[in-house]
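In: what shape does this take:
(chains A and B)
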Amino acid sequence: DGGITQSPKYLFRKEGQNVTLSCEQNLNHDAMYWYRQDPGQGLRLIYYSQIVNDFQKGDIAEGYSVSREKKESFPLTVTSAQKNPTAFYLCATLNEVRSGANVLTFGAGSRLTVL
Amino acid sequence: SQKIEQNSEALNIQEGKTATLTCNYTNYSPAYLQWYRQDPGRGPVFLLLIRENEKEKRKERLKVTFDTTLKQSLFHITASQPADSATYLCALDIAPRGSYIPTFGRGTSLIVHP
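Out: Have a look, this model is predicted:
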């Protein structure tokens, strides 16, 4: 999983609880992303951060929050306001492989289940 | 709005045959297009990137074509093996203003039968 560590791998949450998913990278990449994946829906962008202390909402940011206090870390908090949080969550960093081209390196993912 | 379409139905093929997966997009002119592989319960892994001025790109048994007129990319796996069974995702960058925001298709599941 290329220097990106997501934890925990599996997480169970009761309704009404906030949970935080960890994403740590040692790739020295500036930009980081959080995606949510549901069966048959592909990857949907929650938040992204291009640099420390800055982040932007993606397509489905409601009910989620993030912080980017360190280059290595981009934690995602799933709040009780997220109505359907059960999903597979993927963290990624941006790797410039060639001049003007960019690809993502993903972590192994965290599977959140709301009981 | 930007749309990326991949066949939602799984593609079943016999070992040794060539698998061809399709990615169509609308309302955008990307500078490049990417293909990723995703195994169950794992994060996607980058495979190939093709630029708008390239018609074809190869890597071992993989070949990608990019037709900007048709707004379509084809992803081929020749001499397919059961180990090639996975979901394959295409991705485009739709971001304005210099940001990089990759948008993914839903992916196509490939099943290679021995």
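In: with adjacent residues omitted, what lies nearest to residue B:6?
Out: Nearest residue to residue B:6 in three dimensions, chain neighbours excluded: residue B:105, at 4.0 Å (Cβ to Cβ, 6 or more residues apart in numbering or on different chains). In this view, the C-beta of every residue, glycine as well, is placed from N, C-alpha and C.
In: and residue 52, what's its pLDDT?
Out: Reading this off chain A. With respect to pLDDT, residue A:52 scores 95.
In: that answer is for a different chain, and I need it for chain B
Out: At residue B:52, pLDDT is 86.
In: residue contacts, it?
Out: Residue B:52 makes contact with B:29-32, B:66, B:68, according to Cβ atoms under 8 Å, 6 or more residues apart in numbering or on different chains.
In: what's the closest non-adjacent residue to residue A:86?
Out: Spatial nearest neighbour of residue A:86, chain neighbours left out: residue A:114 (4.9 Å); criterion: Cβ to Cβ, 6+ apart.
In: quick one: the one you found from residue A:57, how far?
Out: 22 Å (Cβ to Cβ, to the nearest Å).
In: which residues does the closest residue to chain B within chain A bridge with?
Out: Chain B sits closest to residue A:106 of chain A, with a gap of 3.1 Å, by Cβ to the nearest Cβ. Residue A:106 has these beta-bridge partners by DSSP bridges: residue A:92.
In: that one: how many residues sit nearby?
Out: Other residues lying near residue A:106 total 23 when counted by other Cβ atoms under 10 Å in any protein chain shown.
In: show the pLDDT at it.
Out: 96.
In: and residue B:73, by the same measure?
Out: pLDDT, residue B:73: 95.
In: repeat for residue B:4
Out: Residue B:4 is given a pLDDT of 90.
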